[in-house]
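Novice: Got a predicted structure plus its sequence, pasted below:
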Amino acid sequence: MSVEHLITSGQFTLDGGTWDVDNNVWLIGDDREVVVIDAAHDAGAIADTVGDRELKAIVCTHAHNDHVNAAAALADRTGAPIWLHPADAPLWEMVHPDRRPDRDLADGDEIAVAGTTLKVLHTPGHAPGAICLYAPDLSTVFTGDTLFNGGPGATGRSFSDFGTIITSIRERLLTLPGDTIVRTGHGQDTAIGAEAPHLEEWIARGH
């Protein structure tokens, strides 16, 4: 069982703006099977990292284009299903108007891969259907753009809300063990215990 990390680069586009971004793509599995979290920008590079293993699922933490723009191509190459929370359907359809996800994610779902379990936590705020994936066996939570090293994800654009993301972080993430590693959608890892003391600062800043 391992956690593999790939960085892909491209652009994030929303509300008429475009920004260059580097995305973290995560692969959880072993030498036989693997799950991909957030198929960003480069389906070929992700497929090369998967190699000859079975790709059990392409799991989307949310449907901003920079997190899902390679999902359809990766699914076509591998036959793997795409899983997304249905509240993010409007964002998904901006990127893939002719291709629906294959399965709806729901809070409390469990995704089994290579002898471990990823638990789905619905954590809206950055996007309505944003989810995190908690792997207690690995002492790790994959937070997408909900929680970063240094604070919550952005909430200044369409389909996002600051109060909602703060509630998600407070109730769903900061309740995890303090030594839980936070593997994010962009940037460096952190830990729950490193971020928890700063909650009131984030609220005071209001962003």
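Specialist: Cool, the structure landed.

Novice: show me where the chain has helices.
Specialist: 43-50, 65-68, 71-78, 89-95, 162-168, 192-195, 199-205 (DSSP state H).

Novice: which helices and strands sit right next to the fifth one?
Specialist: When contacts are defined as 3 or more CB pairs under 8 Å, 6 or more residues apart in numbering; DSSP states H and E, helix 162-168 sits against strand 151-152, helix 199-205. For the C-beta atoms, the positions are set from N, CA and C on the backbone; glycine is no exception.

Novice: circling back: mean neighbour count, the helices of the chain: which tops it?
Specialist: helix 65-68 (a mean of 26; mean count of other CB atoms under 10 Å).

Novice: Give me the distance between that helix and the centre of its chain.
Specialist: Its chain's C-alpha centre and that of helix 65-68 lie 10 Å apart, by CA atoms, centre = their mean, to the nearest Å.

Novice: Kindly reformat the helices and strands packed on helix 162-168 as a markdown table containing mean pLDDT and distance to Thr116.
Specialist: Listed next are the helices and strands packed on helix 162-168 as a markdown table, based on pLDDT from 0 to 100; distance: least, CB to CB, whole Å:
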| stretch | mean pLDDT | distance to Thr116 |
| --- | --- | --- |
| strand 151-152 | 98 | 27 |
| helix 199-205 | 93 | 29 |
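
Novice: Any chance of a markdown table for the ones you listed, columns distance to Phe159?
Specialist: Formatted as a markdown table, the helices and strands packed on helix 162-168 follow (distance: least, CB to CB, whole Å):
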| stretch | distance to Phe159 |
| --- | --- |
| strand 151-152 | 15 |
| helix 199-205 | 20 |
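
Novice: Which one of the helices of the chain lies nearest to Gly178?
Specialist: When these are compared by CB to CB, helix 192-195 sits nearest Gly178, at 3.0 Å.

Novice: Quick check: which of the helices and strands packed on helix 162-168 is nearest to Asp145?
Specialist: Proximity to Asp145 (CB to CB) singles out strand 151-152 among these, at 8.9 Å.
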